[in-house]
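Novice: structure for this input, please:
(one chain, ligands or ions: 1)
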Amino acid sequence: MAGAAGRVVRRWYPHVLRSSLQVPALQLHMSKTAMRASQKDFESALSQVKLLKDPGNEVKLKLYALYKQATEGPCNTPKPGVFDLINKAKWDAWNALGSLPKETARQNYVDLVSGLSSSSDSSSQVKPEADRKQPGYETLVVTSEDSITKIMMNRPAKKNAITTQMYNEIMLALKAASKDDSAITVLTGNGDYYSSGNDLSNFTDIPPEGIEEKAKSSAILLRDFVDCFIDFPKPLIAAVNGPAVGISVTILGLFDTVYASSRATFHTPFSHLGQSPEGCSSYTFPKIMGPAKAAEMLIFGKKLTAAEACAQGLVSEVFPDSTFQKEVWTRLKAYSKLPPNAMRISKQVIRNREKEKLHAINAEESRVLQERWLSDECTNAVMNFLTRKAKL
Ligand SMILES: CCCCCCCCCCC/C=C/C(=O)SCCNC(=O)CCNC(=O)[C@H](O)C(C)(C)COP(=O)(O)OP(=O)(O)OC[C@H]1O[C@@H](n2cnc3c(N)ncnc32)[C@H](O)[C@@H]1OP(=O)(O)O
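Specialist: Numbering: from 1, shown residues only. Model (predicted):
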């Protein structure tokens, strides 16, 4: 829930403590002042606490214990059984206060809430994205926050067409994200497009060794790029903010979840370009949508709307364009709080048995494309685009 000031506000109650608990080390010397908190201060702290960001189980236990001590006095209820972990932790916390007077407990409660409120106010300041941006990327904006690593393709003026540099940077960002402490990773695009696929100017940068050498090194780049998606160990989500073309569509079959704006389209015009499918789509698309629907996309270049892509299983859910960002990030923030190890293991269970096969398919698709790139059909299609004679 976003509060009026844009701050994340979660409702939790210290006397309920539903989440799992670590046994706390209670050191309760909260108030060094001799001031007495009034009943009014205490009631105001009780209201304030419900608006705070979740402070973690240890602090919640302290609050619980102080609340009980302030309202009921020393703990005199029977100790819960050893397997009743949560109630036992609560009882231990309260019991540890011994004969602390009710007034002191009330004062300590008020002091603790006041300290939490001020630190919560400063930590809730959202830093502008520029401040959170990871350095070292020129074609991407990579940020990590709320246990989410976001990799945003950032060539909006070129519809996020993927240059050789961007292929390499995406690989680097995925490798870093696989090792960072985020729970999930999201790929998205800046501007009106998700991505227009391979940057066709990649075809113009021919080394002195000749076009064959370029095709060979490009096939290796393509294979390595797709391998990174096959091997990515954490939940990988695509937030398809607008139209998607070519390789930005085919690799969606390797994502765990695909959210699309209602403005997104999905277009794989490989035959038009004298090329053939990549990103393991020759395998994943027939599996996802059936061979007949996959053929329409991959052989005949049929462009799907977001609703069609969702009906065919390539997209998990479509959101209205006007609320896309808000709805998707709210959803993802909630998912990112799930236990990360459980999510990784679930992904492994779902994907691992296919991995070897996917690597083999990727190698084969890259080998076929290496030949296609040298064909007249491909050369003419690329030349037509670059000389402004053709667009998709
Ligand atoms: C020898 C072998 C070397 C091979 C190297 C290969 C490396 C691995 C390859 C992996 C295989 C991948 C395959 C694919 O992805 S196939 C799909 C390729 N994409 C396209 O064919 C899209 C081409 N773009 C368009 O048709 C249109 O631009 C588009 C419909 C996307 C948008 O049209 P619109 O009119 O809205 O916008 P503009 O055309 O004016 O675009 C704005 C500027 O962006 C440039 N642009 C857009 N997309 C690309 C692109 N894919 N490649 C290069 N440039 C792109 C466009 O030219 C405009 O630039 P200017 O403002 O400078 O004119």
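Novice: CA atoms for contacts and neighbours, from now on please.
Specialist: Fine.
Novice: residue 312 and the ligand, how far apart?
Specialist: Between residue 312 and the ligand the computed distance is 21 Å (CA to the nearest ligand atom, to the nearest Å).
Novice: these two touch, right, that residue and residue 288?
Specialist: Yes. Contact criterion CA atoms under 8 Å: residue 312 and residue 288 qualify, at 7.3 Å.
Novice: which neighbours do these two have in common?
Specialist: Counting by CA atoms under 8 Å, 6 or more residues apart in numbering, residue 312 and residue 288 have no common neighbour.
Novice: need the three-state assignment for residue 238.
Specialist: Reducing the assignment at residue 238 to three states with DSSP: H, G, I helix; E, B strand; the rest coil gives strand.
Novice: so it sits against residue 261, correct?
Specialist: No. No contact is recorded between residue 238 and residue 261 when judged using CA under 8 Å, the distance being 10.9 Å.
Novice: so who does residue 370 touch?
Specialist: Contacts for residue 370 were tallied using CA under 8 Å, 6+ apart; they are 215, 216, 218, 219.
Novice: so which of the residues you listed reach the ligand?
Specialist: Taking CA under 6 Å from any ligand atom, the overlap between the contacts of residue 370 and the neighbourhood of the ligand is 215, 218.
Novice: mind listing which of the contacts of residue 370 are in helices?
Specialist: Counted as lying in helices by DSSP state H, out of the contacts of residue 370, are 215, 216, 218, 219.
Novice: number of residues surrounding the residue nearest to the last one when sequence neighbours are not counted?
Specialist: Which is residue 219. Closest residue to residue 219 apart from its sequence neighbours, by CA to CA, 6 or more residues apart in numbering: residue 366 at 5.2 Å. Using other CA atoms under 10 Å, the number of residues around residue 366 comes to 27.
Novice: element containing residue 366, please.
Specialist: helix 340-372 (DSSP states H and E).
Novice: I would like the residues contacting the next helix or strand after that helix, please.
Specialist: Using DSSP H and E, the helix or strand that directly follows helix 340-372 along the chain is helix 376-386. Contact with helix 376-386 is made by 200, 201, 203, 272, 273, 274, 275, 372, 373, 390, 391, as judged by CA under 8 Å, 6+ apart.
Novice: who are the contact partners of the third one?
Specialist: To tie it back to what came earlier, the one meant is residue 203. Shown in contact with residue 203 (CA under 8 Å, 6+ apart): residue 382.
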